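*Asks:* predicted model, plus sequence, below.
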Amino acid sequence: MNTRDAHLPGYAIGGLAGGEEKDAFCRVVAQCASKLPVNKPRYVMGVGYPLDLVVCSALGADLYDCVYPSRTARFGTALVPEGTLRLKTAAMAADYRPIDDACDCLVCQKYSRAHLHAKITKEPHAASLLTYHNMRYQMRLCDEMRQAIISQQFQEFVQSFVRKQFPNNMVPEWLREGLSSAEIAV
């Protein structure tokens, strides 16, 4: 990097609009992250899908931001280890479990899926509750990634995460290729 860059606190990877193909997205993040100093944070702008957080971390990114946790909550969708849970569906009307049994957030401790289902189409407050849960999910995910990196178990963490997201082993080719560039086989 240029001498003038020596005092920068970190680097942003931007210009990914969200409409590009996922394989192109992975290539851009991998190429940018590999060229940036490893001793400074590498921030990928506008990345918020949980799977993308994991992939970008594997490719060398450190920080993210996105409206996804709150935007998806407004549509009645909760983030869970298996992907997403659509609380507006009829099946949720009689489901008295929390959004996620393993979640420690206030929403999962206090409200059932059925309760949130009943409120999500009628009360804006329900979207706030789902946003709270989704943000906590993302925070837990990032903390789990951090702990896996520290304990040198990140590859195993990624493989386990992908298995939960794709239990039928129908892993998309873009994901296989993206993670293979980080030397992680799924």
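*Replies:* Ah, there it is.

*Asks:* C-alpha from now on. contacts and neighbour counts both.
*Replies:* OK.

*Asks:* just the strands in the protein please.
*Replies:* In the chain, the segments counted as strands under DSSP state E are 11-13, 42-45, 63-65, 77-80, 83-86.

*Asks:* can you tell me which of the ones you listed is most buried?
*Replies:* Greatest average neighbour count among the strands of the chain goes to strand 77-80 (a mean of 23), per mean count of other Cα atoms under 10 Å.

*Asks:* partners of that one, with directions?
*Replies:* Partners of strand 77-80 in the sheet, by DSSP bridges, are strand 83-86 (antiparallel).

*Asks:* mind checking the pLDDT average for the partner strand?
*Replies:* For strand 83-86, mean pLDDT is 96.

*Asks:* how far out from the middle of the chain is that strand?
*Replies:* From the chain centre to the centre of strand 83-86 is a distance of 12 Å (Cα atoms, centre = their mean, to the nearest Å).

*Asks:* returning to that earlier point: dump the strands of the chain into CSV; add distance to Ile150 as well.
*Replies:* Converted to CSV, the strands of the chain look like this (distance: least, Cα to Cα, whole Å):
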stretch, distance to Ile150
strand 11-13, 22
strand 42-45, 18
strand 63-65, 16
strand 77-80, 24
strand 83-86, 25
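
*Asks:* of those strands, which is nearest Glu123?
*Replies:* Taking Cα to Cα, strand 77-80 is the member of the strands of the chain nearest to Glu123, at 14.5 Å.

*Asks:* residue nearest the centroid of the chain?
*Replies:* Nearest to the mean C-alpha position of the chain, counting by Cα atoms, centre = their mean, stands Pro50 at 1.5 Å.

*Asks:* surely it meets Gln138?
*Replies:* Yes - taking contacts as Cα atoms under 8 Å, Pro50 lies within contact range of Gln138: 7.0 Å.

*Asks:* one step back: for the residue nearest to the centre of the chain, give me its contacts.
*Replies:* Neighbour list for Pro50: 138, 141 [criterion: Cα atoms under 8 Å, 6 or more residues apart in numbering].

*Asks:* and it, how close does it get to Met145?
*Replies:* Going from Pro50 to Met145 by Cα to Cα, to the nearest Å gives 11 Å.

*Asks:* hmm, back to that, closest one to Leu130 among the strands of the chain?
*Replies:* Comparison of these against Leu130 by Cα to Cα identifies strand 77-80 as nearest, at 6.2 Å.

*Asks:* what's around Leu106, how many residues?
*Replies:* Leu106 has 12 neighbours, counted by other Cα atoms under 10 Å.

*Asks:* correction: the previous question concerned Thr89.
*Replies:* For Thr89, the count of nearby residues is 11 (other Cα under 10 Å).

*Asks:* the one 3 residues further on now?
*Replies:* If you count neighbours by other Cα under 10 Å, Met92 ends up with 20.
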